[in-house]
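K.L.:
no FASTA, just this:
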């Protein structure tokens, strides 16, 4: 409803009255594009006079207190928004107008845009419902509720994704496919970094008829910089924490025909006990390569079943030759130590294997095997992102976990594709 400013007090008559400044009721003289108190968010909102007055200042303000950009026509008879409106959002409109004879008036009204019929929501990862502490190799992930293919719409999605971190880093988004994005820094995350990711597009137009869903946020922290280098040529795993070598472990990796993948991998999960079967990687039951084993202290690095795990049956080969079906095997005591000193997001890099290179996507997190300049080219905005430091008032981080093992899953159930690849 229009709220009209009260009429001014009476003034003297004659020509002085005609030329004096006085209040007029502009309510009947202006019209808006709203239907009642509702407006279509897919269209510009407009204010128009009946021709007897000229518009002065017009402001349309959202619930955040920020005005929506608009443009006044040269004849001052028409004003309309130039920035898109958000769906399902209440706005306040203030209008000033004058009649050219000293009369002026102001009005204030409100309208609410129609709710979006088609929204894109986002699921943010990694899931930090546990300790919220991850290794320095952990990418951030966004899974959209539906495919987004239009380049301009993808740019809008990226603009609505904000990352704050302490310390700040330079990184980039990568569209893995039409529904999934990853973010990684140029180098690994610094140790003990606090990170917050937000999807902030509620009611924002993404493309014709499509709007952003409700806001989502995720907070996490990185732990120490843990890197495990597996050298398939020397049959040795070198464990480093914050750049310092802590331990070297004799290992065996994949034998010919089952060679371990080269490249940088990220720890995906940990299982204290897992059943591994050759059938899950295509080895027929009863063949000379067939196996079905109860495996202890398994740290997973690919979804297809490659682990770092205890292999007491191959201690004779560890440090000497490669006899596994693709996993990195070690003694039970060493595997327990590795399990306890590793967390999701830590780095495991394999070198000097005869195997294929780690896939960038689809079999875990192979993001680090892509050159950063090439990685950034797969952003819809086509450029790196520098994270901003969080404001002091919001610089809260998840509580640190006492050790990597505190974030490890001790599940005894068999995971899909736990087959030694």
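P.N.:
That came through fine. Just so it is clear, the model here is predicted, and its values are computed rather than measured. Residues are numbered from 1 along each chain as shown.
K.L.:
point out where the stretch 301-421 of the chain drops to low pLDDT.
P.N.:
391-421 (pLDDT under 70).
K.L.:
please repeat the previous calculation with a cut-off of 80.
P.N.:
Scanning the stretch 301-421 of the chain for pLDDT under 80 picks out 389-421.
K.L.:
do the chain as well
P.N.:
By pLDDT under 80, the low-scoring segments of the chain are 1-20, 128-131, 275-293, 389-421.
K.L.:
next SSE after the longest strand anywhere in it?
P.N.:
Taking DSSP state E as the criterion, the chain has its longest strand at strand 103-113. Sequence-wise, the next helix or strand downstream of strand 103-113 (DSSP states H and E) is strand 119-120.
K.L.:
and the helix or strand following that next one, what's buried?
P.N.:
Using DSSP H and E, the next helix or strand after strand 119-120 towards the C-terminus is strand 122-125. Counting neighbours by 16 or more other CB atoms under 10 Å, one finds that the buried residues in strand 122-125 are 122, 124, 125. (C-beta placed from N, C-alpha, C; glycine too.)
K.L.:
give me the number of residues near the closest residue to the last one other than its chain neighbours?
P.N.:
Put plainly, it is residue 125. Spatial nearest neighbour of residue 125, chain neighbours left out: residue 141 (3.8 Å); criterion: CB to CB, 6 or more residues apart in numbering. When neighbours are defined as other CB atoms under 10 Å, residue 141 has 20 of them.
K.L.:
surely residue 141 meets residue 126?
P.N.:
Yes - counting by CB atoms under 8 Å, residue 126 is a contact partner of residue 141 at 6.8 Å.
K.L.:
so who does the residue nearest the centre of the chain touch?
P.N.:
Central residue check for the chain by CA atoms, centre = their mean: the C-alpha nearest the mean position is that of residue 142, 4.3 Å away. Residues near residue 142 by CB atoms under 8 Å, 6 or more residues apart in numbering: 122, 123, 124, 125, 161, 180, 181, 182, 183, 197, 199.
K.L.:
partners of the first one in the sheet?
P.N.:
Per DSSP bridges, residues listed as beta-bridge partners of residue 122: residue 144.
K.L.:
quick one: the nearest residue to residue 315 once chain neighbours are set aside from residue 241, how far?
P.N.:
Distances taken as CB to CB, 6+ apart put residue 331 closest to residue 315, at 5.5 Å, once the chain neighbours are dropped. When distance is defined by CB to CB, to the nearest Å, residue 331 is 20 Å away from residue 241.
K.L.:
mind listing residues that contact the longest strand of the chain?
P.N.:
In contact with strand 103-113 (CB under 8 Å, 6+ apart) are residues 1-5, 21-27, 30, 32, 34, 37-41, 45, 56, 85-98, 203.
K.L.:
quick one, helices of the stretch 201-350 of the chain?
P.N.:
332-340 (DSSP state H, counting those that start in this stretch).
K.L.:
residues of the longest strand of the chain that come out buried?
P.N.:
For strand 103-113, a neighbour-count test (16+ other CB under 10 Å) marks 103, 104, 105, 106, 107, 109, 111, 112, 113 as buried.
K.L.:
could you save the residues you listed as CSV and add columns showing distance to residue 303?
P.N.:
Shown next, in CSV, are the buried residues of strand 103-113 (distance: CB to CB, whole Å):
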residue, distance to residue 303
103, 73
104, 69
105, 67
106, 63
107, 61
109, 56
111, 49
112, 46
113, 42
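K.L.:
how about the residues you listed, which pair is most distant?
P.N.:
The most widely separated members of these, counting by CB to CB, are 103 and 113 (32.2 Å).
K.L.:
burial count for residue 371?
P.N.:
Count around residue 371 with other CB under 10 Å applied: 8.
K.L.:
swap in the one 4 residues further on?
P.N.:
The number of residues packed around residue 375, counting by other CB under 10 Å, is 22.
K.L.:
helices or strands next to the helix or strand harbouring it in the packing?
P.N.:
Following DSSP H and E, one finds residue 375 within helix 372-377. In terms of contacts (3 or more CB pairs under 8 Å, 6 or more residues apart in numbering; DSSP states H and E), helix 372-377 is packed against strand 170-175.
K.L.:
ok, whichever helix or strand comes after the strand it packs on: who's next to it in the sheet?
P.N.:
Along the chain past strand 170-175, the next helix or strand (assigned with DSSP H and E) turns out to be strand 180-185. Strand 180-185 sits in its sheet next to strand 140-144 (antiparallel), strand 170-175 (antiparallel), going by DSSP bridges.
K.L.:
got the phi/psi numbers for residue 323?
P.N.:
Backbone torsions of residue 323, given as degrees, to the nearest 10, read phi -130, psi 10.
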